[in-house]
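A.B. asks: Just need the structure, nothing else, for what follows:
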Amino acid sequence: MGEISESNEPRLSRLEFNLTSKCNAHCPYCANDLDLMEDDKTLSLEKILSIVDEVKPEIVNFTGGEPTIKKQLTLDAIREVSARGVITQLDTHGIFLKKEEIDAFVQAGLKRFHISYN
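C.D. replies: Numbers count the residues shown, from 1 in each chain. The predicted model follows:
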């Protein structure tokens, strides 16, 4: 939900970027159907940063599909968005994450993991 800024202008406090529609878990309840998994159009890092710079949210959530499938884009986006002073969150099933990968996300500036456990 948006907030009112000091200048009394509405402000979007959260943004969510779907980094991929692909997922390697294939859960039967997921909103990403198989047709979406064939066409994996994503925003570029430059476009993500342009939107973040324009909107200036407090929190950016990276989700998917499974965003860790695109590890480099996810790491770069977390690093760049965090460097702008924005809180970053990653929505993941976490099934295939290793400790080194979790450490890399945290070192890039990730503040919140949202792990789906179903």
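A.B. asks: Report the contact partners of Phe113.
C.D. replies: Neighbouring residues of Phe113 by C-beta atoms under 8 Å, 6 or more residues apart in numbering: 89-90, 92, 94, 102, 105. No exception for glycine: its C-beta is placed from N, CA and C like everyone else's.
A.B. asks: Please identify the helix or strand for Ile95.
C.D. replies: When elements are defined using DSSP states H and E, Ile95 is found to belong to no helix and no strand.
A.B. asks: Relative to Tyr29, how far out is Gly109?
C.D. replies: As defined by C-beta to C-beta, to the nearest Å, Gly109 lies at a distance of 31 Å from Tyr29.
A.B. asks: try Asp91
C.D. replies: Noted for Asp91: a distance of 15 Å to Tyr29, by C-beta to C-beta.
A.B. asks: between Gly109 and Tyr29, who's got more neighbours?
C.D. replies: Ranked by neighbour count (other C-beta atoms under 10 Å), Gly109 and Tyr29 place Gly109 first, with 18 against 5.
A.B. asks: Could you measure from that one over to Lys70?
C.D. replies: Plainly put, Gly109 is 17 Å away from Lys70 if you go by C-beta to C-beta.
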